[in-house]
Structures are given as structure tokens and as C-alpha cells.
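Visitor: what's the 3D shape of this:
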Amino acid sequence: MSVVLYNIFLLFFRIGIRVASLFNPKAKKWVDGRRHILARMQDAIPPGQKIIWMHCASLGEFEQGRPVMEALKITYPGHRILLTFFSPSGYEVQKDYKGADWVFYLPMDGPSNARQFLEIVQPVLVVFVKYEFWYYYLKKIKYRQIPVLLISALFRRDMSFFKWYGGLQRKILSRFDHLFVQTQSSLDLILEIGLGSISSISGDTRFDRVSAIAAGWQPIPQIEQFAVNCRLIVAGSSWPEDEALLKTAMSRLENTNIKLLIAPHEISEKHLVYLDNLFPGAIRFSAMNNHPNNSRFLIIDNVGMLSRLYRYAWICYVGGGLKKSGIHNVLEAAVYSRPVFFGPFYTKYSEAIGLVAVGGASAVKDGDQMADQLQDLISTSAAYEEMAAGAGQYVQRNTGAVNLIMHYIQENRLLTS
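Guide: Below is the predicted model:
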């Protein structure tokens, strides 16, 4: 891609998102959130600050960037942190995040926006997370000689950086001072395009994040009561396809001492009613105090509890893997040394591939296959213990990315005046 084509892409993206905003709520938030964005930033950010700017595409990237942000805040208390998002699904959830001094949408890429943004913020360090590659921002960051890092990056052979037409994308990558990649296969690809001197394997910072969450775990009394004297399946971030699979599996396991807790991805009243009908007799978390503890099914009708819920599991099921869009965060479950199940669309996720490779996770295509595997784990305790240990040990072995990134920042004196 040339710069001309890139500019055409930006033009058509702006037109497309504005048209979409007329009927798509997410696109409308994207447009409305950027209205007068530079003026609002100018009013909010006083001059003369030592600002670390971290940019995340969406919520998943935020979870990868968060442990680095928290480490930077502790290590460099005299600096302030600006957090930006590209997507409403990240910004709308984390716009009140207390770990950053300011949270904004990122203005659309372009020479004027990038120049004005950097004049307002004047960051002393820039950290992009995983997949964000904006030509004009990176060009002007490099021109101003501001150190810029890419963390938790993951590269695949089919990405444009490694194609004959990927010259502009390779130039964009070369503007980073350092690329912290998740895997050896990613580093091998970077070596092929001649950027090995600015690259190293750090791993995925989400391992550090889930380990910190587990270390600070707090009990939930209502869940303890529901889970007593049973084997509990905790299904997190489920979609209708996952819930149909779980319905089949639970029907097959009706005569076993197994209960099911569902924390769906979508908690609209319409979807909650759908779950009420799919699992007759289910109780909702918000109404637990009004019901006896004799149901097999519990529906979580709030957000923010999932990472704590997995600890109560005998088995964890992580949703999303029955669609090509892919699975949600499997590490939140594995960190508690629990066997993890998910659908077959997981091959773009290195952590899921790794869990399956060490025997800590299993991909199932339907409810019958899951029921068969759960029956095996019920009848063979040694197999269950081996799978559980494999999940926990995998997380433990891969924790430490944050320390490597922080060591690089300190060793290269990126934040030392």
C-alpha cells in the first residue's frame, strides 16, 4: 500500500463511519465521541506535564496494556498517563478508568490531527498495544524523537507486513523503537523483514494481568452458597451458540451432580429472558436472595464479576469459539488451575493454542462432545487433575512480560530526564 492509497482508505473510512452512524449505535458513538475531540483535549490537559501516552484499539488491548500502565504509574509517580481508544467497545467501558489521568478517543489519523494531538499532549513516551499501526501518528512521533513502543504484538504470515505490497506497513513498523512480540513465530516473521534489531520476545502481558487479578481475588458469598456440594461449570462470555451447546451438554449430564453458571456476553433483558426459557428453573444472580438454593442453573445478570467467578469452577467454558470471530479471554479461567473448554475457532489465539498443547484446554464442536469429555473427567480423577494442573502451570510459566518491558524502559532511560 502507498501513502496515496492509505489516504484514500482514511477518506472512505470517514465517509463510511458517518453513514453507518445514522443507523448503527456503535458507529454513532464512534462519531459522537470524536466531536470537537482536540478542543476538549486542549481544555483538559494542561501544558508542561510529563505524559505517558498509551493507545489501545479496544477492550481486549486495554487488558494487555493495563498491567504496563499500572507498573509505569507506580515506578514513575511524577508522570501522568493519557489513555486513548479507537473503538467505542473499549472507551465506553473504561472511560472512567482511575488508573489514567485522562481517557479519550483517539482522533482519526491524518497529518493535521496527528500534529495537533502531539502539540497538545507532548508525550515523553508512547506505548501502542498489539495491533495499532497509524501512519501519520507514528511518522510525527518519530520526527519529534519521542520513544514509542509496541507491546504484546502478535504477527501472522497472512498480514500485509509480510506481503509484496506491504512496503508502507513495513515502514510503519520500522518507526517503533522496540517491538515486544508475544511468540517466537512472531519474532521469526519480524526477522524476515529485517527488523530483528528492534524486536524481542516478551510474551503476552495478559498473563501478568490475570495473575494479579487472581492474587487479589475476593470471595462472592452468593456464589459460594450456589456452588456448595456440586461440580460447577462456569461459562463466561457466552453467545447463543455457546448456550445451546451447554443446554445439550447439561441435558446429557442430568443425573450427575453438576450445576451451570452462565455469565453471558450480552446481558440485555431480551437475552436474559431467552436464557430463562432455555434453562427452565434458572435463577438470576440479582434475585438469589429470594430463591432457595435448589436450581441447577444460575444466570449472572451484571458485568465485572467474571474473573472472580472462574475460581468457583470445576470446569470453565469460555464463549465465542463457535463463531469465526473467535474466543474470549481463556487466561482468566486457566489462572485458577481449572480445565478450560471452548469452541473450535481458536487458532488465531496463541494462548488458546498453548493451553490445548499442554493439555490444559479442550476444543469441542458441540454439546455431545463436551458431555462425553466431562463424563471422562468425572470417572477419571487423575485425568481431571492433570488437565487442571496443565492450565495453571501454563499461565505461571508465561508470566513476566511486564517486567521485561519495564526493564527495557529503565535500562534505556526512556523516562529519565
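
Visitor: ignoring the adjacent residues along the chain, who's closest to residue 161?
Guide: residue 169 (4.7 Å; CB to CB, 6 or more residues apart in numbering). Quick note: C-beta positions are derived from backbone N, CA and C, even for glycine.

Visitor: in contact with that neighbour, which residues?
Guide: 1, 133, 159, 160, 161 (CB atoms under 8 Å, 6 or more residues apart in numbering).

Visitor: with residue 240 instead?
Guide: Per CB under 8 Å, 6+ apart, neighbours of residue 240: 271, 274.

Visitor: and the pLDDT for it?
Guide: For residue 240, the model assigns a pLDDT of 95.

Visitor: point out where this protein drops to low pLDDT.
Guide: For the chain, the stretches flagged by pLDDT under 70 are 1, 290-293, 417.

Visitor: where does the record place the domain boundaries for it?
Guide: Residue ranges for each domain of the chain read 3-203+400-411, 219-397, as given by automatic domain parsing.

Visitor: and residue 209, which of those domains is closest to it?
Guide: Between residue 209 and the domains of the chain, the tightest spacing by CB to CB is seen for domain 3-203+400-411, at 4.7 Å.

Visitor: endpoints of the closest one, how far apart?
Guide: With CA to CA, to the nearest Å as the measure, domain 3-203+400-411 spans 35 Å from end to end.

Visitor: mind checking the SS state of the residue nearest to residue 161?
Guide: helix (DSSP: H, G, I helix; E, B strand; the rest coil).

Visitor: okay, it and residue 148: tell me how far apart.
Guide: Counting by CB to CB, to the nearest Å, the gap from residue 169 to residue 148 is 16 Å.

Visitor: next, count neighbours for residue 142.
Guide: Neighbour count for residue 142, taken as other CB atoms under 10 Å: 16.

Visitor: that one - that's part of a strand, no?
Guide: No: secondary structure of residue 142 (three-state DSSP): helix, not part of a strand.

Visitor: who's in contact with it?
Guide: 148, 175.

Visitor: likewise for residue 153?
Guide: 130, 131, 179, 180, 181, 182, 186.

Visitor: again, 6 Å this time
Guide: 130, 179, 181 (CB atoms under 6 Å, 6 or more residues apart in numbering).

Visitor: so what sits opposite it in the bridge?
Guide: residue 181 (DSSP bridges).

Visitor: ranges for the strands of the chain?
Guide: For the chain, the strands defined by DSSP state E occupy 51-56, 80-85, 102-105, 123-129, 148-153, 178-181, 199-201, 231-238, 258-264, 283-284, 297-299, 315-318, 340-342, 361-363.

Visitor: still on that earlier bit, got the contacts of residue 153 as a markdown table, with neighbour count columns?
Guide: A markdown table is the format used below for the contacts of residue 153 (neighbours: other CB atoms under 10 Å):
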| residue | neighbour count |
| --- | --- |
| 130 | 20 |
| 179 | 23 |
| 181 | 24 |
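
Visitor: what about the helices in the stretch 151-300 of the chain?
Guide: Assignment of helices within the stretch 151-300 of the chain using DSSP state H, counting those that start in this stretch yields the ranges 167-174, 184-192, 206-215, 221-227, 240-252, 269-278.

Visitor: please report the distance of the spatially closest residue to residue 72 that is not a sequence neighbour from residue 77.
Guide: Leaving aside its sequence neighbours, residue 72 sits nearest to residue 52 (CB to CB, 6+ apart; 5.6 Å). Distance, residue 52 to residue 77, using CB to CB: 12 Å.

Visitor: who's more crowded, the two?
Guide: Per other CB under 10 Å, whichever of residue 52 and residue 77 has more neighbours is residue 52, with 26 against 8.

Visitor: re earlier: format the strands of the chain as JSON lines; extra columns: distance to residue 191.
Guide: Below are the strands of the chain laid out as JSON lines (distance: least, CB to CB, whole Å):
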{"stretch": "strand 51-56", "distance to residue 191": "26"}
{"stretch": "strand 80-85", "distance to residue 191": "30"}
{"stretch": "strand 102-105", "distance to residue 191": "35"}
{"stretch": "strand 123-129", "distance to residue 191": "21"}
{"stretch": "strand 148-153", "distance to residue 191": "14"}
{"stretch": "strand 178-181", "distance to residue 191": "10"}
{"stretch": "strand 199-201", "distance to residue 191": "8"}
{"stretch": "strand 231-238", "distance to residue 191": "35"}
{"stretch": "strand 258-264", "distance to residue 191": "41"}
{"stretch": "strand 283-284", "distance to residue 191": "52"}
{"stretch": "strand 297-299", "distance to residue 191": "48"}
{"stretch": "strand 315-318", "distance to residue 191": "32"}
{"stretch": "strand 340-342", "distance to residue 191": "31"}
{"stretch": "strand 361-363", "distance to residue 191": "29"}
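
Visitor: who wins for proximity to residue 323 among the helices of the stretch 151-300 of the chain?
Guide: Nearest to residue 323, of the helices of the stretch 151-300 of the chain and by CB to CB, is helix 240-252 at 6.3 Å.

Visitor: now the closest one: buried residues?
Guide: Applying a neighbour-count criterion of 16 or more other CB atoms under 10 Å, one finds 240, 242, 243, 245, 246, 247, 249, 250, 252 buried in helix 240-252.

Visitor: quick check: of these, which lies closest to residue 175?
Guide: residue 242 (40.3 Å).

Visitor: what's the burial count for the residue nearest to the closest one when sequence neighbours are not counted?
Guide: Among residues not flanking residue 242 along the chain, residue 319 sits closest, at 4.1 Å (CB to CB, 6+ apart). When neighbours are defined as other CB under 10 Å, residue 319 has 25 of them.
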